[in-house]
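>>> mind looking at a prediction? Sequence and model below.
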Amino acid sequence: MKQIGTFLLLAFVLPLFCVLLMLNTALFHSGAFNLVAYGIEAAAPALAAIVTVLYFEKGRGLRHFLKSAYLDNLHPKIILLALLLPVVLVGVPKLLNGLLFGGGLHLGILAPKKILIICWALVAEELGWRGFLQQKLRPYLNDFTLPLAVGLIWAVWHYHYFLSGASSAPLLLFVLSCVTDSYLYFAVTRFANGNIVPASVLHFSGNLCFNLFLINPEHNGGSLVPYLLYVLCSLITAVLAFSVTRRREEKLRQT
């Protein structure tokens, strides 16, 4: 539990420090220093995991941690699925909103800085959430409560984006989406036998699709419908993925 406590402390405090720098220090208001601070803020979970493992388990433990997270049990098909799945989960709500409710079908235009930030998701968070926290909580929680706990912690961790004004997602729906997504990430990670590359690709692709399909209320005249449809699609997919994972593991135990 000491490792979990240390990880959570670092993961939550580091973004606050970065946000305070960006809000209160002129040097970090824009430009390269702002981008670096934002990158550290976003990568707080991964950095917290690395520091925690290095402190408690030393260099050998860190090497084993990184190897099991990124190199062991690579599954190209699962990675491809993780890349394509958000296109459906985010694209379908956008299309349904346009066809059924008269919403616009416009797409976002990504600036180079935005593309860099989106690509940063490949390494910024999942080493911490699914690679470290999910694994460390497994002895204490069952398969149902584990992704619920990680999802709630993950949702609360985003406080700094709301604090800095970088996120305008509807709060309750955002928390629900983090929880439902956590079950999906849990299933993907379990199918990959603990490898977090599929989860990292899923995170990257999800962020990319959110910025391309523009389903947040501010892009849809304040309407919550696209975001709500996304949460419903995510919930249905998470339930299916979780059920398939449980059946797969039951068969493995029987054999």
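On my side now, so go ahead.

>>> quick check: which element contains residue 198?
Using DSSP states H and E, residue 198 maps to helix 197-213.

>>> packing partners of that helix?
helix 76-101, helix 112-124, helix 126, helix 171-191 (3 or more CB pairs under 8 Å, 6 or more residues apart in numbering; DSSP states H and E). Where you see a C-beta, it was placed from the backbone N, CA and C, and this is true even at glycine.

>>> can you count the residues close to the residue nearest to residue 107 when sequence neighbours are not counted?
Nearest non-adjacent residue to residue 107, counting by CB to CB, 6 or more residues apart in numbering: residue 212, 5.5 Å away. By other CB atoms under 10 Å, 18 other residues sit near residue 212.

>>> residue 212 reaches residue 110, doesn't it?
Yes: between residue 212 and residue 110 there is a contact at 7.2 Å, judged by CB atoms under 8 Å.

>>> who's in contact with the residue positioned nearest the centre of the chain?
Among the residues of the chain, the one closest to the centroid is residue 203, at 4.9 Å (CA atoms, centre = their mean). Residues in contact with residue 203, defined by CB atoms under 8 Å, 6 or more residues apart in numbering, are 121-122, 125-126, 185.

>>> state the pair within the residues you listed that is farthest apart.
Spanning the widest gap among those are 122 and 185, at 14.1 Å by CB to CB.

>>> which one of those two has more residues nearby?
residue 185 (29 against 15).

>>> how about the contacts made by that one?
Contacts of residue 185 (CB under 8 Å, 6+ apart): 126, 129-130, 147, 199, 202-203.

>>> wait, which of the residues you listed is closest to residue 6?
residue 129 (15.4 Å).

>>> scan the chain for its longest helix.
helix 225-254 (DSSP state H).

>>> TSV for the contacts of residue 203, including pLDDT and distance to residue 176?
Output for the contacts of residue 203, formatted as TSV (pLDDT from 0 to 100; distance: CB to CB, whole Å):
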residue	pLDDT	distance to residue 176
121	91	20
122	93	25
125	95	19
126	97	20
185	95	15
